[in-house]
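Colleague: Pasting a predicted model and its sequence here:
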Amino acid sequence: MNMASRRLFPRLLAALISTALTCSAGAQNEVRLPDLGSSANALISPQEAQDYGASMLRQMRALDMVVDDPLLDDYINDLGYRLVASCDKPKNHFAFFIVRDPEINAFAAPGGYIAVNSGLLTITRDESELAGVIAHEIGHITQNHLQRAFEDSKKDAPLMALILLGAIAAGAGSHSGDAPVAIAAAGQGLIAQKSINFTRKDEIEADRVGIQTLASADFDPNAMAAFFQHMEDVLSAGAGGIDVPALLQTHPVTTMRISDAKARAAALVAAQKLRPSATGIGKLQWQQSTAPIAFVKDPTTLLLAHRADSTDTYSLMRERVRVLAGDAPKQAIYYSSNLQNQQGFDTPANRYGYALALTRSGRGAQAIDQLQPLLQSAPDNLILKLALADARLQAGQRAAALAIYSALNRQSPRNRAVALAYAKALTADGDKDKAREASNLLRPLLDNASEPEIYSAYARASDKAGDSVRAGEAFADASYYAGRPFDAMEQLKRLLKRDDLDYYARVRIQARIAELTPLVLELHKRKIQTEDNPDGRQQLHPADRCSGRLCLGIGAGPAEAIDPRR
């Protein structure tokens, strides 16, 4: 896929999901909306929806469309689950991830998968605005808009779902850069006009549910309307010279919709009891309370008091995604120029972004100079300490970097970002004992992990530690989660032929083959192209056709008795 098509494809992906998987739902007048259940689960079960979403995420990773970074991943999921915990249906499955795309957009996909484009995150002005967009997408999930698409449009929605999967497959396997764009554009045109009226109703409902969720999660309920107004202002200011943001294309915004969001937020504020602030100093402060709508207002000023730690983390993560989703050398120039010439740009977050860009551009020593003053002001900040360790490692100061990683690991022993960075540094030394220490650091992170980088790092550490079997298993898992299931299957089959496998390793590998077999068979049956199977025709040996049942060798016991991670 050429670069232009690669950048356009995520926008079409979001648009297709929005068009194909949203349907009618009448706008409600009450603050707390009723449970809008449906019989759509008879058409697509929750597990099927979750499998669809997971498959979509793997294919997006195969196209390098996902920003996989432990710090960002933990941040966006912590924020998402804080909102989920305050919504009406917290038992739904949810997963949040960041798309590598400068367009301002976000979308919800089947199975509770919610994507936030890097461009949207960087344009938000505070954490409440970001939370407002995510809360809106959560509203699409909790109000069953996605499932209802399959119920209310039994022909069109499944058709678009298939077109969407076809576009993803074409993007992964086609040598023609325009193939996924052509497929997606043609499919979208089939039902876009037919669905637009339903979409507007769903958008209003998702707004209302999202605003309630915002307030319940201790965010400013005005933030959603403020962000949409900001988008409108940006568009108006650049009339004639700026493209309409993708967010406004897939989430049409009107003056009436913004006014409705403002009115809904005002109703929530008006419903609060008036209380003096805890400090006795007047502030507009959202606090937990036992009121039906969970926050209270002290009206003596017009300032919103966010938690300091959340605000600081948000600002740092906003700059982190700007650097990681972009071109580091260009980002370094962006920060350097603005720090010199733009009044008000010299903030801790922008200094942190500059340091990241320098480190990723191979200028670790300069990054250290940016980070040290920040750490004098915030000596316990894990994010800044981790950045300093990365900069020292890049600058060749290995002993100093390892000392920081070690201290951070003792402080936060299961922090994924710390463990991954520390393990990579230990593995790079080439020492067998350090590699073994690295593999021990990463092994607990494999439980429920879906990030290819974690499996790849564990595989390299295990290989250098002398455990080539564990390394082979982890490399196969990395291939699978990176959207290369045929590759993963071939690696596992080759691994199974080794004559030095013990009983537990053999059963682990056989169990993993059995897990992957149904997926690979289905892709083979439909001749779907993937990066590792570009013609969609890779053959499976008859012995592999287990239809999901474990094909154990002679003398092996039941798979249920074996811990796959043992």
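Modeller: Thanks, I have it.

Colleague: Surely residue 501 is within a helix?
Modeller: No - assigned with DSSP: H, G, I helix; E, B strand; the rest coil, residue 501 falls outside any helix and is coil.

Colleague: Skipping its backbone neighbours, what lies nearest it in space?
Modeller: If the residues on either side of it in the chain are set aside, residue 501 comes closest to residue 469, at 6.5 Å by Cβ to Cβ, 6 or more residues apart in numbering. Every C-beta, even on glycine, is put in place using the N, C-alpha and C of the backbone.

Colleague: Residue 50 too?
Modeller: Residue 50 sits nearest to residue 111 (Cβ to Cβ, 6+ apart), 3.6 Å away.

Colleague: Neighbours of that neighbour, how many?
Modeller: 25 (other Cβ atoms under 10 Å).

Colleague: residues in contact with residue 53?
Modeller: For residue 53, the contact set (Cβ atoms under 8 Å, 6 or more residues apart in numbering) comprises 95, 109, 110, 111, 112, 113.

Colleague: Quick check: phi and psi at the first one.
Modeller: Translated: residue 95. phi -150, psi 140 (degrees, to the nearest 10).

Colleague: per-residue confidence for it?
Modeller: With respect to pLDDT, residue 95 has a value of 94.

Colleague: Where does pLDDT dip in this protein?
Modeller: 1-44, 147-199, 235-254, 272-311, 528-531, 534-566 (pLDDT under 70).

Colleague: hey, where'd the strands end up in it?
Modeller: For the chain, applying DSSP state E gives strands covering 95-99, 106-109, 113-117.

Colleague: Not counting the first one itself, show me its contacts.
Modeller: With Cβ under 8 Å, 6+ apart as the test, strand 95-99 has contacts from 10, 53, 57, 60, 65-67, 72-73, 76-77, 79-81, 111-118, 121, 134, 321, 325.

Colleague: The residues you listed, buried ones only, as a ChimeraX selection?
Modeller: Burial among the contacts of strand 95-99 is assessed by 16 or more other Cβ atoms under 10 Å; the matching ChimeraX selection reads:
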select :10,53,57,60,65,66,67,72,73,76,77,79,80,111,112,113,114,115,116,117,118,121,134,321,325
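
Colleague: Could you tell me which of the contacts of strand 95-99 are located in helices?
Modeller: Mapping the contacts of strand 95-99 onto helices (DSSP state H) picks out 10, 53, 57, 60, 72-73, 76-77, 79-81, 118, 121, 134, 321.

Colleague: so which pair among these is furthest apart in space?
Modeller: Maximum pairwise distance among the ones in helices among the contacts of strand 95-99 (Cβ to Cβ): 23.8 Å, between 10 and 81.

Colleague: ok, back up a step: for the residue nearest to residue 501, list the residues it contacts.
Modeller: Taking Cβ under 8 Å, 6+ apart, one finds 495, 498, 500, 501, 505 in contact with residue 469.

Colleague: cool, and residue 141?
Modeller: Contacts of residue 141 by Cβ under 8 Å, 6+ apart are 89, 92, 94, 108, 112, 114.

Colleague: Return the member of those nearest to residue 443.
Modeller: residue 94 (26.2 Å).

Colleague: Now the phi/psi pair for that closest one, please.
Modeller: Backbone torsions of residue 94, given as degrees, to the nearest 10, read phi -140, psi 150.

Colleague: check contacts around it.
Modeller: 80, 81, 84, 112, 113, 114, 138, 141.

Colleague: now, which of the residues you listed sits nearest residue 226?
Modeller: residue 138 (18.3 Å).

Colleague: doesn't residue 84 make contact with that closest one?
Modeller: Yes - taking contacts as Cβ atoms under 8 Å, residue 138 lies within contact range of residue 84: 6.3 Å.

Colleague: Compare neighbour counts for the two and give me the winner.
Modeller: Under the criterion of other Cβ under 10 Å, the comparison of residue 138 against residue 84 puts residue 138 first, with 29 against 25.

Colleague: Quick one: residues contacting the more buried one.
Modeller: 80, 83, 84, 87, 94, 108, 114, 209, 210, 213.

Colleague: Please apply the same query to residue 367.
Modeller: 354, 355, 356, 358, 359, 387, 391, 394, 395 are the contacts of residue 367 under Cβ under 8 Å, 6+ apart.

Colleague: got the phi/psi numbers for residue 218?
Modeller: The phi/psi pair for residue 218 (degrees, to the nearest 10) is phi 70, psi 30.

Colleague: could we number from 119 for the rest of this?
Modeller: Sure, I'll start counting at 119 from here, so that last one is residue 336.

Colleague: ok so, going back, and the contacts of residue 587, which is closest to residue 607?
Modeller: For the contacts of residue 587, the nearest to residue 607 is residue 613 (10.7 Å; Cβ to Cβ).

Colleague: What is the burial count for that closest one?
Modeller: Neighbours around residue 613, by other Cβ under 10 Å: 22.

Colleague: swap in residue 528?
Modeller: 9.

Colleague: one step back: which among the contacts of residue 485 end up buried?
Modeller: 472, 473, 474, 476, 477, 505, 509, 512, 513.

Colleague: dump the residue contacts of the closest residue to the first one other than its chain neighbours.
Modeller: It stands for residue 472. Among residues not flanking residue 472 along the chain, residue 453 sits closest, at 3.6 Å (Cβ to Cβ, 6+ apart). Residue 453 sits next to 468, 471, 472, 475 when contact means Cβ under 8 Å, 6+ apart.
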